[in-house]
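*Asks:* Give me a 3D structure for the following:
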Amino acid sequence: MDTRQAFQQIAVSMNASIIGQETVVERLLIAFLADGHVLMEGLPGVAKTRSIKTLGKLVESEFRRVQFTPDLLPSDVTGSEIYREQTSSFDFQPGPIFGNLVLADEINRAPAKVQAALLEAMEERQVTVAGTTHKLPPLFLVLATQNPIEQEGTYPLPEAQMDRFLLYVNVPYPPAENEGAILRLVRGEKSGNADDSPSKIDQEVVFAARREVNGIHVAETAERYMVDLVIGTREPEHLGGDLARWIRLGASPRGTLALDGAARAHAWLHGQDFVSPENIRAVAPACLAHRIHLSYEAEAAGKTRTEVIEELLQTIVPI
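*Replies:* Below you'll find the model as predicted:
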């Protein structure tokens, strides 16, 4: 089994466990292949936690979960120095951030200093405690979740820090026709009749797949299309129409880099050896929606960031 077949098998297994959320599964795998992190938002019970736990069961990895609460401290995430009486010295006790797949559950329920500690580790891939720097594992993905309801007592993630996430994924309710299948799946799991999971793939397969993704060809015209989309968010007045009234601030260069990495991963997953405009358009909402700032007029009109990016894709077409 080659690397692409291994990931296709992961996708099949995840879709069998997370019924009706094929787009969510694909975008989580894209982030995994592009070595980025995911900010996932959705109502309770739509399989946000289940998605990364399922991925952890299919890949040789250490899964860690952090339940973000208002009394959480940065050291509860990163780890701290512990004094040992036996040796009269301090030893570093790694926190849950040192896992391979880390679930930051309800990230907006912890104060800003805890959010900052997590995001710094995500960006730098290391943690510094008491003057000593500790490297995070090479296989490292953070899935942060947010609940769009019950905003009382929460600490909204600053928009500038949302830029650290490769993808923003909104998880909808599953289609009505899948509700019965979900019921039967969970009933089978509780009764012990669920199908056995396939054997886990080795981490080296993931690294090999990432090298293949990095080797996907991106033509100059595809690069120009990605740049045009990002510049369109920064200079919407040149596009005319509603976009000029809806977008207050556009995406940073991280948006261009995210488009490049995610489009390569999308192309690789679909068996291509080059990036096409369709690959770029498929990942653009997830790459750019959380990187733009809407105007008050757009918010008053009830426009979401994803809807604005979809309008951008209708306005800017590839050459």
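
*Asks:* I'd assumed Ser61 was in contact with Asn100.
*Replies:* Yes: counting by CB atoms under 8 Å, Asn100 sits close enough to Ser61 to count as a contact (3.8 Å). In this view, the C-beta of every residue, glycine as well, is placed from N, C-alpha and C.

*Asks:* For the nearest residue in space to Ile319 that is not next to it in sequence, give its distance to Gln314.
*Replies:* Counting by CB to CB, 6 or more residues apart in numbering, Thr221 is the residue found nearest to Ile319 once chain neighbours are left out, at 5.7 Å. Computed as CB to CB, to the nearest Å, the Thr221 to Gln314 distance reads 19 Å.

*Asks:* same question, Glu120
*Replies:* 37 Å.

*Asks:* The two: who's more crowded?
*Replies:* The neighbour comparison of Glu120 against Gln314 (other CB atoms under 10 Å) goes to Glu120, with 18 against 10.

*Asks:* Do you have the helices of the stretch 51-200 of the chain handy? List them.
*Replies:* Using DSSP state H, counting those that start in this stretch, the helices of the stretch 51-200 of the chain run over 74-78, 112-124, 159-162, 179-191.

*Asks:* among these, where is the model least confident on average?
*Replies:* Per-stretch mean pLDDT for the helices of the stretch 51-200 of the chain is lowest at helix 159-162 (a mean of 79).

*Asks:* Output that one in CSV, but only the C-alpha positions, please.
*Replies:* C-alpha atoms of helix 159-162 as CSV (Å, rounded to 0.1, in the frame of the first residue of the first chain):
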residue,chain,number,x,y,z
GLU,A,159,-9.1,37.6,15.1
ALA,A,160,-5.3,38.2,14.7
GLN,A,161,-4.6,34.9,16.5
MET,A,162,-7.1,33.0,14.4
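
*Asks:* That helix - contacts with which helices or strands?
*Replies:* When contacts are defined as 3 or more CB pairs under 8 Å, 6 or more residues apart in numbering; DSSP states H and E, helix 159-162 sits against helix 112-124.

*Asks:* you'd agree Lys135 is up against Gln126?
*Replies:* Yes: Lys135 is within contact range of Gln126, at 5.1 Å (criterion: CB under 8 Å).

*Asks:* quick one: terminal-to-terminal distance for stretch 239-255?
*Replies:* 19 Å (CA to CA, to the nearest Å).

*Asks:* Leu39: what secondary structure?
*Replies:* strand (DSSP: H, G, I helix; E, B strand; the rest coil).

*Asks:* Spit out the contact partners of the residue nearest to the spatial centre of the chain.
*Replies:* The residue lying closest to the centre of the chain (CA atoms, centre = their mean) is Val38, at 1.3 Å. Val38 sits next to Arg27, Leu28, Ala31, Leu141, Val142, Leu143, Ala144, Phe165, Leu166, Leu167, Tyr168, Val169 when contact means CB atoms under 8 Å, 6 or more residues apart in numbering.

*Asks:* Reformat the residues you listed as TSV; add distance to Ile247.
*Replies:* Formatted as TSV, the contacts of Val38 follow (distance: CB to CB, whole Å):
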residue	distance to Ile247
Arg27	23
Leu28	27
Ala31	24
Leu141	30
Val142	27
Leu143	27
Ala144	24
Phe165	19
Leu166	21
Leu167	20
Tyr168	16
Val169	21
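
*Asks:* So which of those residues are in strands?
*Replies:* Counted as lying in strands by DSSP state E, out of these, are Leu141, Val142, Leu143, Ala144, Leu167, Tyr168, Val169.

*Asks:* ok now stretch 306-319, how far from the chain's centre?
*Replies:* 22 Å (CA atoms, centre = their mean, to the nearest Å).

*Asks:* buried sites along that stretch?
*Replies:* For stretch 306-319, the neighbour count (16 or more other CB atoms under 10 Å) marks Thr306, Glu307, Val308, Ile309, Glu311, Leu312, Leu313, Ile316 as buried.

*Asks:* and this protein, what are its domains?
*Replies:* Listed domain ranges for the chain are 3-191, 215-315 (source: automatic domain parsing).
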